[in-house]
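Asker: Here's my sequence, what's the structure:
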Amino acid sequence: MKLLVSFTARQTVIQAAVVQEAQPDHIIFLTTPLAAENGWHEKKNMIIRFKEGAPVQYTNIFIPEDLSLSTIVETIKRHIHSTAEKFNIEEIYFDASSGKGIHRIVISNYLKGFTEKRKMDYFLIYFDPDTRVINRVCICSGAFSEYKSTFSIDWNLKERLSVYGASMTDSLPVLDNENNYFINFSDQYDELYLNLCSSMILRAFFSSYENIKALVDLKKELRDFVLESHIEEQVDKFIQRIFGIMPHLKKEVLTTRESIRETLLDFFRKMVSKRDFGKPSFSYDFRSGIGKYYKKYTNELSGMIIKKISNPALISDDSGLKKEIAHFLGVLFDKIVEKINYISDTKNVEFPEAVFNRFKQKYVKNFQKESQLNTRSQISIVFEKIVSYAVYKAISENSLLKESIASVHQNVKLDGKSNSLIEIDTLIVFRNGYIHTFEAKSSHVSNKDINSKILVLKRYLGESAGMDIVFPFTEEDISHFENKDEQYLRKFHSKGLKNVNTWGNFFSSTDKNVVPVDMIGERLIELALKYS
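Answerer: You can find the predicted model right below:
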């Protein structure tokens with residue numbers, strides 16, 4: 001018969017692993033005021049049911065805060081003596097995973113002496129939550145053995161969350177015994193996920209949506225300006241301004257007015273015809289030639305027009321009028337090239353408008369539920385679903401993951417103490433109680449924000465939980481970012497990626513666990529081998 005002595009711990013999942021490893025016939029739980037205050041002792045029934053057959057019997061000893069150490073030890077001694085006699089205990093296990101350090105030392109020494117006198121086997125068990133390894137040491141014989149926690153649990157997600165006082169207010173079950181969210185449209189998501197992993201343009205789209213949208217809008221605005229007679233509008237405004245300052249000459253210069261209009265239009269039409277504004281891939285290296293056109297415009301065209309308007313036969317003193325005309329001509333030129341210059345912040349970007357519109361039509365608009373959100377929010381939602389799909393795909397294709405993972409959930413909203421709320425993009429429940437989350441970020445995030453999210457996550461899910469950040473970048477991308485490969489960064493920028501240097505600084509300095517979007521399956525296998 002085996003007896004396990006264990007302090008009631010916040011880490012109920014860890015205690016469950018220890019019970020599974022020790023397989024005791026009876027347990028003595030030592031409950032402190034802190035454990036009682038936080039309701040940890042109420043989770044005992046979730047721990048003892050792991051033994052096959054009837055639940056393990058247990059005794060609970062409450063240890064008041066004001067008791068001296070000697071009184072605590074004497075109290076524990078009496079219970080151990082009576083329990084050993086009552087159940088014919090032959091082996092004693094002491095859980096060194098929890099409890100105050102001084103308590104563990106003193107109680108362990110007592111149990112060592114107690115078992116030696118009675119010639120029992122005495123074991124120390126320690127569960128390392130970081131490695132998920134259980135160390136079991138036989139004190140009497142000096143034997144040492146190490147085991148990985150391999151137990152399975154039958155808690156559902158709500159039950160698992162209740163261990164730490166959190167309640168689930170909403171979630172989308174992606175994969176469990178009853179749900180298979182992606183089964184009906186896995187082809188669509190598989191295409192999207194594979195395209196994301198292979199297309200630099202698509203990865204730039206997710207991480208720089210606003211930048212690319214601005215680029216597309218500016219290109220469209222530029223084409224509209226040139227192709228939809230906006231140049232004529234600007235020229236006509238110029239004509240109105242010039243002739244507006246000399247209305248008394250209206251009759252005399254009517255013929256001249258039409259001639260000036262056609263001269264200006266002919267000049268600007270020839271200027272813009274040097275580039276094909278109709279193509280979405282329009283690049284404004286045309287801007288480098290603006291100086292040449294402006295020189296011709298000011299030196300030849302402007303002089304000719306001023307001469308036509310300020311005809312000495314019509315105007316005796318034209319110095320002031322020439323100055324006004326030169327000013328308005330300069331304004332006219334600036335207005336027409338303004339749209340071209342305005343796009344300069346996205347120089348050499350190759351993102352085609354057709355790709356942009358096709359993506360929005362094919363993927364973003366398919367989410368009816370989120371149709372009221374702005375497009376930026378919809379883009380984020382699409383990426384979150386891609387990450388969940390990558391998890392789903394990995395599990396579907398790997399037998400180890402099928403055996404190790406109990407369920408996958410998306411957009412999990414948890415309500416905890418003080419009415420605080422946390423949202424988790426993708427949550428994976430392993431069969432041994434470990435929970436792992438993927439936080440999908442389609443735009444840049446600070447280390448401070450990540451640290452805050454991790455702290456809240458631990459408060460809601462306990463130490464038996466972990467989090468990775470997933471950005472829409474591949475393993476190759478992140479490697480080049482970390483090394484600040486200028487050639488690669490320039491190429492990524494040319495596809496529409498905003499703030500390439502900021503991304504490079506982030507990946508080269510962050511201490512957070514970032515998982516490339518194309519390595520989600522490999523990361524899950526790593527976790528399964530470590531935590532299963």
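
Asker: Name the residues of stretch 504-521 that are buried.
Answerer: Buried positions in stretch 504-521, judged by neighbour count with 16 or more other CB atoms under 10 Å: Gly504, Phe506, Phe507, Val514, Val515, Pro516, Val517, Asp518, Met519, Ile520, Gly521. Any C-beta I mention is one placed from the backbone N, CA and C, and that applies to glycine too.

Asker: was I right about the fourth one contacting Asp468?
Answerer: Yes: with contact defined as CB atoms under 8 Å, Val514 counts as touching Asp468 (7.0 Å).

Asker: Which of the buried residues of stretch 504-521 sits closest to Ile80?
Answerer: Nearest to Ile80, judged by CB to CB, of these is Val515 at 47.1 Å.

Asker: so what's the closest one up against?
Answerer: Phe438, Asp468, Ile469, Val470, Arg523 (CB atoms under 8 Å, 6 or more residues apart in numbering).

Asker: what packs against the host helix or strand of the third one?
Answerer: With the criterion set as DSSP states H and E, the secondary-structure element containing Ile469 is strand 465-471. The contact analysis (3 or more CB pairs under 8 Å, 6 or more residues apart in numbering; DSSP states H and E) places strand 465-471 against strand 435-440, helix 447-461, strand 514-516, helix 520-531.

Asker: Format the CA atom coordinates belonging to the second one as PDB.
Answerer: When you say that, I think you mean helix 447-461. Taking Å, rounded to 0.1, in the frame of the first residue of the first chain, the C-alpha atoms of helix 447-461 are listed here in PDB:
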ATOM      1  CA  ASN A 447       7.600  43.500 -26.000                       C
ATOM      2  CA  LYS A 448       5.800  45.400 -23.300                       C
ATOM      3  CA  ASP A 449       2.400  44.300 -24.700                       C
ATOM      4  CA  ILE A 450       3.500  40.700 -25.100                       C
ATOM      5  CA  ASN A 451       4.800  40.700 -21.500                       C
ATOM      6  CA  SER A 452       1.500  42.000 -20.200                       C
ATOM      7  CA  LYS A 453      -0.400  39.300 -22.200                       C
ATOM      8  CA  ILE A 454       1.800  36.500 -20.800                       C
ATOM      9  CA  LEU A 455       1.300  37.700 -17.200                       C
ATOM     10  CA  VAL A 456      -2.500  37.700 -17.600                       C
ATOM     11  CA  LEU A 457      -2.300  34.300 -19.300                       C
ATOM     12  CA  LYS A 458      -0.500  32.800 -16.400                       C
ATOM     13  CA  ARG A 459      -3.000  34.200 -14.000                       C
ATOM     14  CA  TYR A 460      -5.900  32.700 -15.800                       C
ATOM     15  CA  LEU A 461      -4.300  29.400 -16.900                       C
END
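
Asker: Okay, buried residues for it please.
Answerer: In helix 447-461, counting by 16+ other CB under 10 Å, buried: Ile450, Lys453, Ile454, Val456, Leu457, Tyr460, Leu461.

Asker: now those in CSV, with distance to Gln487 and pLDDT?
Answerer: Formatted as CSV, the buried residues of helix 447-461 follow (distance: CB to CB, whole Å; pLDDT from 0 to 100):
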residue, distance to Gln487, pLDDT
Ile450, 29, 79
Lys453, 34, 80
Ile454, 34, 81
Val456, 40, 79
Leu457, 38, 81
Tyr460, 43, 77
Leu461, 42, 79
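
Asker: Go through those and say which is closest to Gly303.
Answerer: Ile450 (62.8 Å).

Asker: Next, the contact list for Ser407, please.
Answerer: So Ser407 contacts Asn156, Leu157, Pro173, Val174, Leu175, Asp176, Asn177, Ile428, Val429 (CB under 8 Å, 6+ apart).

Asker: number of nearby residues for the last one?
Answerer: When neighbours are defined as other CB atoms under 10 Å, Val429 has 21 of them.

Asker: what does the first one give?
Answerer: Burial of Asn156, expressed as a neighbour count using other CB under 10 Å, amounts to 14.

Asker: And it, how far from Asn411?
Answerer: 17 Å (CB to CB, to the nearest Å).

Asker: next one: the fourth one
Answerer: Val174 is 10 Å from Asn411, where distance means CB to CB.

Asker: Low-confidence stretches in the stretch 51-200 of the chain?
Answerer: 51-53, 129-132, 141-155 (pLDDT under 70).

Asker: cutoff 50 now
Answerer: Counting by pLDDT under 50, the stretch 51-200 of the chain contains no low-confidence range.

Asker: returning to what we had before: for ChimeraX, what selects the buried ones among the contacts of Ser407?
Answerer: Selecting only the buried entries of the contacts of Ser407 in ChimeraX, with 16+ other CB under 10 Å as the criterion:
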select :157,173,174,175,176,428,429
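
Asker: Out of the contacts of Ser407, name the ones that lie in helices.
Answerer: Mapping the contacts of Ser407 onto helices (DSSP state H) picks out Leu157.

Asker: from the contacts of Ser407, which is closest to Phe94?
Answerer: Val429 (29.7 Å).

Asker: thought that closest one was touching Ser404?
Answerer: No: Val429 is beyond contact range of Ser404, at 10.3 Å (criterion: CB under 8 Å).

Asker: Show me what the host helix or strand of His79 is in contact with.
Answerer: Taking DSSP H and E as the definition, one finds His79 inside helix 69-87. Under the criterion CB under 8 Å, 6+ apart, residues 1, 3, 5, 25-26, 28, 30, 59, 61, 63, 67, 89, 92, 102-103, 106-107, 110-111, 114, 118 lie in contact with helix 69-87.

Asker: and after it, which helix or strand comes next?
Answerer: strand 91-95.

Asker: who's in contact with stretch 472-492?
Answerer: 196-197, 200, 203-204, 206-207, 383, 442, 471, 500-501, 503-504, 506-508, 514, 516-519.

Asker: I'd like to know which of these are part of helices.
Answerer: 196-197, 200, 203-204, 206-207, 383, 500-501, 503-504, 506-508.

Asker: Which two of those residues have the greatest separation?
Answerer: Cys197 and Asn501 (24.0 Å).

Asker: From His327, how far out is Leu321?
Answerer: Per CB to CB, Leu321 is found 11 Å from His327.

Asker: which neighbours do those two share?
Answerer: By CB under 8 Å, 6+ apart, no residue touches both Leu321 and His327.

Asker: Compare neighbour counts for these two and give me the winner.
Answerer: Leu321 (17 against 11).

Asker: what's the helix or strand for the more buried one?
Answerer: helix 319-342.

Asker: Report all helices and strands that that helix contacts.
Answerer: helix 209-227, helix 230-244, helix 290-296, helix 302-309.

Asker: Let's see that with 10 Å instead.
Answerer: helix 209-227, helix 230-244, helix 254-272, helix 290-296, helix 302-309 (3 or more CB pairs under 10 Å, 6 or more residues apart in numbering; DSSP states H and E).

Asker: so where is the stretch 201-350 of the chain shaky, pLDDT-wise?
Answerer: Using pLDDT under 50, the flagged stretches of the stretch 201-350 of the chain are 276-285, 343-348.

Asker: can you dump the C-alpha coordinates of stretch 200-210 into PDB?
Answerer: Output of stretch 200-210 as PDB, limited to C-alpha atoms (Å, rounded to 0.1, in the frame of the first residue of the first chain):
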ATOM      1  CA  MET A 200       6.100  37.300 -50.000                       C
ATOM      2  CA  ILE A 201       3.400  39.700 -51.500                       C
ATOM      3  CA  LEU A 202       0.700  38.000 -49.400                       C
ATOM      4  CA  ARG A 203       2.800  38.100 -46.200                       C
ATOM      5  CA  ALA A 204       3.400  41.800 -46.900                       C
ATOM      6  CA  PHE A 205      -0.300  42.300 -47.300                       C
ATOM      7  CA  PHE A 206      -1.200  40.900 -43.900                       C
ATOM      8  CA  SER A 207       1.500  42.800 -42.000                       C
ATOM      9  CA  SER A 208       1.100  46.100 -43.900                       C
ATOM     10  CA  TYR A 209      -2.500  46.300 -45.000                       C
ATOM     11  CA  GLU A 210      -2.800  50.000 -44.400                       C
END
